[in-house]
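Q: no sequence for this one, just the structure:
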């Protein structure tokens, strides 16, 4: 079986199109959308593109889908008193409409495909912060009791590949907002159970400017991943501080 895993698209249809057009991403038997396809500046366009795929699409719920679904039905596009996550969720929910936004919250938190366990952040939480710098004990706790040989996640927008207590965990990285220092779209290909982390170069600067010009409230993430990419270790350390709180 050939699996194309797309994580953390975050409403970036240009990055999504770049990956889908990559010759190495052709002919999957199934596409896994591993969470946080939303929120994002151009969320509707990204979701429409996924809906157009001719192959089966299996979804995993990320914290982004959960937050957008929760925001559905709220009036306005997010007040200044709300935190950043609430504001971006409200903007995206308004763009998608209540029905489409609420449906995102019904997506399962995990999927098992061809023996591989797909989750967003960890199998137990859709927002658990596991980074390249997280201590072994935190990794062990997050993957305790897992009987799958391979677990695929995302959430931190940085690719990773490690073995934890006999379980191989791969972070697929981010298609739309990669924190790798170069703006390239990251993704994962699995063929007959063998995973391969990949990246696709495209005009991320133009994509970032198009997204920022929408007035989307989280311009900082767009700037730091696409327009003026921040060095990867800077983001890793920031996320690790949050995860250890």
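A: Received, thanks. Quick caveat: nothing in here was measured; it's all calculated off a predicted structure.
Q: give me the number of residues near residue 156?
A: Residue 156 is flanked by 25 other residues according to other Cβ atoms under 10 Å. To be clear about C-beta, it is placed using only N, CA and C from the backbone, and glycine gets the same treatment.
Q: quickly find the element holding it.
A: Residue 156 belongs to no helix or strand when assigned by DSSP states H and E.
Q: can you tell me how far it sits from residue 91?
A: 23 Å (Cβ to Cβ, to the nearest Å).
Q: got the contact list for residue 227?
A: By Cβ atoms under 8 Å, 6 or more residues apart in numbering, the residues touching residue 227 are 205, 208, 209, 212.
Q: mind listing what the last one touches?
A: So that's residue 212. By Cβ under 8 Å, 6+ apart, the neighbours of residue 212 are 41, 219, 222, 223, 227.
Q: next: the third one.
A: If a contact means Cβ under 8 Å, 6+ apart, then residue 209 has residue 227 as its contacts.
Q: mind doing that once more with 10 Å?
A: 203, 222, 223, 226, 227 (Cβ atoms under 10 Å, 6 or more residues apart in numbering).
Q: what's the closest of the contacts of residue 212 to residue 130?
A: Checking the contacts of residue 212 against residue 130 with Cβ to Cβ, the nearest one is residue 222 at 23.8 Å.
Q: distance of that closest one relative to residue 208?
A: 5 Å.
Q: what residues are shared contacts of those two?
A: Counting by Cβ under 10 Å, 6+ apart, the residues touching both residue 222 and residue 208 are 12, 41, 176, 177, 228.
Q: touching, the first one and residue 42? I think so.
A: Yes: in this structure, residue 12 is within contact of residue 42 by Cβ atoms under 10 Å, at 6.8 Å.
Q: joint contacts of the two?
A: 176, 207, 210, 211.
Q: and these, which two are the farthest apart?
A: 176 and 210 (12.0 Å).
Q: still on that earlier bit, look at residue 12 and residue 42 and report which has more neighbours.
A: Just comparing residue 12 and residue 42: by other Cβ under 10 Å the higher neighbour count belongs to residue 12, 31 against 24.
Q: for the more buried one, which residues are in contact?
A: Residue 12 makes contacts with 18, 37, 40-43, 45-46, 174-178, 185, 204, 207-208, 210-211, 222, 225-226, as judged by Cβ under 10 Å, 6+ apart.
Q: helices along the protein, start to end?
A: Along the chain, counting by DSSP state H, helices occupy 13-21, 43-51, 63-71, 84-96, 98-104, 136-142, 204-212, 219-222, 232-243.
Q: so how far is the last one off the chain centroid?
A: Using Cα atoms, centre = their mean, to the nearest Å, we find the averaged C-alpha position of helix 232-243 to lie 17 Å away from the chain's own average C-alpha position.
Q: packing partners of it?
A: Under the contact definition 3 or more Cβ pairs under 10 Å, 6 or more residues apart in numbering; DSSP states H and E, helix 232-243 sits against no other helix or strand.
Q: buried residues in that helix, which are they?
A: 232, 235, 236, 239, 240, 243 (16 or more other Cβ atoms under 10 Å).
Q: so how far is residue 131 from the third one?
A: It refers to residue 236. From residue 236 to residue 131 the distance is 5 Å (Cβ to Cβ).
Q: touching both of these two, which residues are there?
A: Common neighbours of residue 236 and residue 131 (criterion: Cβ under 10 Å, 6+ apart): 156, 158, 160.
Q: the closest residue to the last one other than its chain neighbours: neighbouring residues, count only.
A: Read that as residue 160. In space, and not counting its chain neighbours, residue 160 is closest to residue 171: 3.9 Å by Cβ to Cβ, 6 or more residues apart in numbering. For residue 171, the tally of surrounding residues (other Cβ under 10 Å) stands at 27.
Q: which pLDDT value belongs to residue 171?
A: The per-residue pLDDT reported for residue 171 equals 98.
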